[in-house]
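J.: Let me see the structure of the following:
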Amino acid sequence: MGNPKVLIIYTGGTIGMINDPETGALKPFDFEHLYNSVPELKQFDYELEAYSMDEPIDSSEMSPSIWAEIATTIFDKYVNYDGFVVLHGSDTMAYSASALSFMLQGLKKPVILTGSQLPIGQIRTDGKENIITAIEIAGMLDANGESIVQEVALYFEYSLYRGNRSQKISAENFEAFDSANYRNLAEAGVYIAFNSEALFRSKLPALELKTNFCTDLALVKLFPGMPIGSIAPLFDINQTKGVLIESFGAGNSFSNPAFEKLLTNYITSGGVVLNVTQCVTGKVDYGKYETSQIFSKAGVIGGADMTTEAALTKMMFVLGEDISLDEKKRRLTINLCGELTYTES
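T.: Okay, here's the model as predicted:
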């Protein structure tokens, strides 16, 4: 079968910075010096190749067009590699991992995003271990010669998470990510222990590239006493095709006739509203409390236990599809890529 072949895709971020020995300033990572920065990679029996975006960026500058560039690169090179590692800034990594899971449906190979809290050139960097283990996972095969991981995942500080279940939880700790509503896919200790039952397996016969994302969306986080007039412009069908609401608890809202009218009119005019909880764990569960009735009456879709990152990128994907409005709403309620637990397709 030969040695596994892994493509490392560099998009930017802290992990891709090294210290200039003369000035001490941080500069973009040079892949020609990859093995000098991480000499442990020479011990792999993998074939490693590297690809860098023309203009590596801070992850705060990430956008759907760059997600499409990453996804298209993977799609175009898919048959040539056994796995892919995407080096990415940590701040928006969960958004990118979620987006790529919808753009690359039907994966039978791993796409592992990783990064670091400290630049690769610093003595205490977490980047080395993250790169090394992400690459190792990307090339690992099971007893049948198939990739153990066949989805978009995120590796950080000894844990492998489903990409569209992950969230960044710390700006300064090495354990910067979590997957609060779903089990980790693997833990890296002396051995890499996979949670086989947690791994996603697509039923699609082949890889499909879906990059036509709708970006005419708004995100509204409710707070007590929120003035409805300040958010009313976001519910304009001529400006936004969908609105994601972060609500209280199990999908609850304050009682406000003006808010209910705003939601109803927007949805009646063809807008799509999806509701996820502000809580770290749990799900939207209409009917559990009376204060969720404002959403169910207006036709707001419950987002089950999706993260905000997954819900937003899923809306971009679904609303960008050339399908009926009813079908778009239906797809938002079903599990496409392992992004939600509580609703079955």
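
J.: quick one: the helices in the stretch 151-300 of the chain?
T.: Counting by DSSP state H, counting those that start in this stretch, the stretch 151-300 of the chain has helices at residues 228-231, 257-268, 293-298.

J.: Please save the CA atoms from the shortest one in PDB.
T.: Just to be clear, that refers to helix 228-231. The C-alpha atoms that make up helix 228-231 are tabulated as PDB, following Å, rounded to 0.1, in the frame of the first residue of the first chain:
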ATOM      1  CA  ILE A 228     -36.500  45.500  19.500                       C
ATOM      2  CA  GLY A 229     -36.100  48.600  17.400                       C
ATOM      3  CA  SER A 230     -32.300  48.200  17.500                       C
ATOM      4  CA  ILE A 231     -32.500  44.700  15.800                       C
END
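
J.: Okay, buried residues for that helix please.
T.: For helix 228-231, the buried set under the neighbour-count rule, 16 or more other C-beta atoms under 10 Å, comprises Ile231. C-betas here are computed from N, CA, C, even on glycine.

J.: Mind giving me the packing neighbours of it?
T.: With contacts defined as 3 or more C-beta pairs under 8 Å, 6 or more residues apart in numbering; DSSP states H and E, helix 228-231 has these neighbours: helix 257-268.

J.: Give me the contact list for the helix it packs on.
T.: The contact list for helix 257-268 (C-beta atoms under 8 Å, 6 or more residues apart in numbering) reads 228, 231-232, 235-237, 243, 253, 273, 294-295, 297-300.

J.: between the helices of the stretch 151-300 of the chain, which one is nearest to Ala188?
T.: The closest approach between Ala188 and any of the helices of the stretch 151-300 of the chain, judged by C-beta to C-beta, belongs to helix 293-298 at 40.6 Å.

J.: Pull the distance from that closest one to the chain's centre.
T.: 29 Å (C-alpha atoms, centre = their mean, to the nearest Å).

J.: who's in contact with that helix?
T.: Counting contacts by C-beta under 8 Å, 6+ apart, the residues outside helix 293-298 that touch it are 245, 247, 251, 253, 255-256, 259-260, 263-264, 267, 273, 275, 286-287, 302.

J.: returning to what we had before: which one of the contacts of helix 257-268 sits closest to Gly16?
T.: Sorting the contacts of helix 257-268 by distance to Gly16 puts Val243 at the head of the list, at 34.6 Å, by C-beta to C-beta.

J.: Beta-bridge partners for the closest one, please?
T.: The residues listed as beta-bridge partners of Val243 by DSSP bridges are Ala218, Val273.
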